[in-house]
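Visitor: Sequence and predicted structure, then a few things I'm wondering about:
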Amino acid sequence: MKQLARCAAGLVFGLMSLAAQAEVTLSAGYLKQGIEAPAVLSNLDPVPETQGVDGAQLGLADNQSSGRFLGHTYALEVAEIAPGGDLLAAARGLLTASPFLLLDAPAEDLLRVIDLPEAAGAMIFNVSAPDTRLRDADCRANLFHTLPSDAMRADALMQVLLRKRFARLALVAGEHAVDRAFADALRRSAQKFGLKLVGEREWRFDADMRRNASQEVPLFTQDLPEHDVLLVADETGDFGRYIAYNTWLPRPVAGSEGLVPVAWSRVVEQWGAAQLQSRFQKLTRRDMRDRDYAAWAAMRVLGEAVTRTNSADPATLRAYILSDAFELAGFKGRPMSFRTWNGQLRQPIPLVTDRAVVMQAPVEGFLHQRNELDTLGLDAPESRCTAFQE
């Protein structure tokens, strides 16, 4: 009889807990700033218009799936702003409705949004801007990054090149701002890991490389000193495709082309990644890209935090995701967590070609006193971010 009473009491307690959980509702916004894409030499690889948004929608579906059993409710409101549109007005509207915002915008626009009075106390996730400065001097206490920084990607590449004993590097960089930012990250990382950058060239061609690559590229690279690998910084996807197999010296290509450090790729298959790929393809009829993965991760961070805290209070969720208790299973073989000094999501970086994963960083043997993932990007002593210390 006592056992029956205890079971009844447990059932009542469980129902009461479920009722309490059912009151937890989290609605997030996704704000996407349209940009005028620069003209490139080839349009063979069009950028999906729904890139990023699709990843957030998959993250929403995953949250709803787990939330169904816990009584948690999730929603996502998407706002896309045309180039030149009123980004700040849209941001104010979304932040008035919810303190949780996924922001898909260039760094300067992102900072304009994060500094709005309406953003105070909000949790904003950067899902598209790789700029290292956003994790450094331009960081903000309520800004979290689920996309790897340029520094993280560059460090991942240098670890692999060092492991393979490619010590002498040459660099070809485009003239767009994103190309120069990635080139800067490659230079800093090469110095950090003791690799030698022996020569550089800036790409300034506007000719039709579909016809002229085999003549122009050898001449363009002829004067570069002897090197083991040619680094390419072409983040706009303009000229890099024409570099491989056309260089004066027969050398492997890495960076934006060839061996590429990424947040995500269709060729990642281990650690349950194939299952994530399959669900994304079923939802979108295309492969998941870096920005999709970052947006998916941001939604899953919120879902995981709500699940563990049974709260939708931004201060409570922020404290939890910055604690040692938080972990996100990101289908990359290691639990992912946030750096408490700049809000960057720690994560492994796959190094891929079009058809396979070559290696994943951090590479075995690169050790760290706290977390080996902190060998990628700005470690605490390197970061000038002070916002998270206030």
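Guide: Cool, got the structure. Residues are numbered from 1 along each chain as shown.
Visitor: C-alpha from now on. contacts and neighbour counts both.
Guide: Fine.
Visitor: Can you show me the strands along the stretch 101-250 of the chain?
Guide: Assigned by DSSP state E, counting those that start in this stretch, the stretch 101-250 of the chain shows strands spanning 123-126, 143-145, 168-173, 196-202, 229-233.
Visitor: Of all those, which one is nearest Phe69?
Guide: Ranking the strands of the stretch 101-250 of the chain by proximity to Phe69 (Cα to Cα) places strand 123-126 first, at 25.3 Å.
Visitor: partners of the closest one in the sheet?
Guide: Here strand 123-126 has these sheet partners by DSSP bridges: strand 100-104 (parallel), strand 143-145 (parallel).
Visitor: Buried residues of the first one, list them for me.
Guide: So that's strand 100-104. For strand 100-104, a neighbour-count test (16 or more other Cα atoms under 10 Å) marks Phe100, Leu101, Leu102, Leu103, Asp104 as buried.
Visitor: pLDDT value on the last one, please?
Guide: At Asp104, the pLDDT value in this model is 98.
Visitor: beta partners for it?
Guide: Here Asp104 sits in beta bridges with Lys32, going by DSSP bridges.
Visitor: Show the contacting residues for it.
Guide: Residues near Asp104 by Cα atoms under 8 Å, 6 or more residues apart in numbering: Tyr30, Leu31, Lys32, Gln33, Gly52, Leu110, Asn126, Val127, Ser128, Ala129.
Visitor: So what does the fifth one have for phi and psi?
Guide: Dihedral angles phi and psi of Gly52 (degrees, to the nearest 10) take the values phi 90, psi -60.
Visitor: which residues touch the residue positioned nearest the centre of the chain?
Guide: Geometric centre of the chain, nearest residue: Leu147, 1.6 Å, by Cα atoms, centre = their mean. Going by Cα under 8 Å, 6+ apart, Leu147 touches Asn126, Val127, Ser128, Ala129, Pro130, Ala263, Asp290, Arg291, Tyr293, Ala294, Leu345.
Visitor: 10 Å - rerun?
Guide: Counting by Cα atoms under 10 Å, 6 or more residues apart in numbering, Leu147 touches 125-131, 262-264, 290-295, 297-298, 344-347.
Visitor: and these, which of them are in helices?
Guide: Asp290, Arg291, Asp292, Tyr293, Ala294, Ala295, Ala297, Ala298 (DSSP state H).
Visitor: Can you tell me which of these is nearest Leu88?
Guide: Ala295 (20.3 Å).
Visitor: Gln275: which element?
Guide: helix 273-284 (DSSP states H and E).
Visitor: In TSV, list the strands of the stretch 101-250 of the chain along with mean neighbour count and mean pLDDT.
Guide: As requested, the strands of the stretch 101-250 of the chain are exported to TSV (neighbours: other Cα atoms under 10 Å; pLDDT from 0 to 100):
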stretch	mean neighbour count	mean pLDDT
strand 123-126	26	98
strand 143-145	26	98
strand 168-173	22	98
strand 196-202	16	97
strand 229-233	27	98
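Visitor: sorry, back to before: give me the phi and psi angles of the residue nearest to the centre of the chain.
Guide: With angles defined as degrees, to the nearest 10, Leu147 sits at phi -90, psi 140.
Visitor: For it, give its distance to Pro130.
Guide: 7 Å (Cα to Cα, to the nearest Å).
Visitor: Likewise for Phe239?
Guide: Going from Phe239 to Pro130 by Cα to Cα gives 20 Å.
Visitor: what do you get for Arg241?
Guide: Separation of Arg241 from Pro130 (Cα to Cα) stands at 21 Å.
Visitor: More neighbours: which of those two?
Guide: Pro130 (23 against 18; other Cα atoms under 10 Å).
Visitor: Help me confirm that Thr316 is found in a helix?
Guide: Yes. According to DSSP: H, G, I helix; E, B strand; the rest coil, Thr316 belongs to a helix.
Visitor: contacting residues around it?
Guide: By Cα under 10 Å, 6+ apart, the residues touching Thr316 are Ala305, Val306, Thr309, Asn310.
Visitor: For those residues, which ChimeraX command selects only the ones that are buried?
Guide: To isolate the buried subset of the contacts of Thr316 in ChimeraX, counting by 16+ other Cα under 10 Å, use the following:
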select :305,306,310
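Visitor: on that earlier part again, quick one: closest of the strands paired with strand 123-126 to Leu317.
Guide: strand 100-104 (10.4 Å).
Visitor: give me the low-pLDDT residue ranges for the stretch 1-150 of the chain?
Guide: Low-confidence segments of the stretch 1-150 of the chain, defined by pLDDT under 70, span residues 1-22, 39-44.
Visitor: With the stretch 151-300 of the chain instead?
Guide: Residue ranges of the stretch 151-300 of the chain with pLDDT under 70: 206-211, 213.
Visitor: With distance to Leu116 as added columns, please give the strands paired with strand 123-126 in CSV.
Guide: Output for the strands paired with strand 123-126, formatted as CSV (distance: least, Cα to Cα, whole Å):
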stretch, distance to Leu116
strand 100-104, 13
strand 143-145, 12
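Visitor: For stretch 161-174, output the C-alpha coordinates as CSV.
Guide: The C-alpha coordinates for stretch 161-174 follow below in CSV (Å, rounded to 0.1, in the frame of the first residue of the first chain):
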residue,chain,number,x,y,z
LEU,A,161,50.5,21.7,-42.8
LEU,A,162,53.0,21.5,-39.9
ARG,A,163,52.0,17.9,-39.2
LYS,A,164,52.6,17.1,-42.9
ARG,A,165,55.9,19.0,-42.8
PHE,A,166,55.0,21.6,-45.3
ALA,A,167,57.1,24.4,-43.8
ARG,A,168,57.6,26.9,-46.6
LEU,A,169,54.4,28.7,-47.8
ALA,A,170,53.5,31.2,-50.5
LEU,A,171,50.3,33.2,-50.6
VAL,A,172,48.0,34.5,-53.3
ALA,A,173,45.3,36.8,-52.0
GLY,A,174,42.3,38.5,-53.6
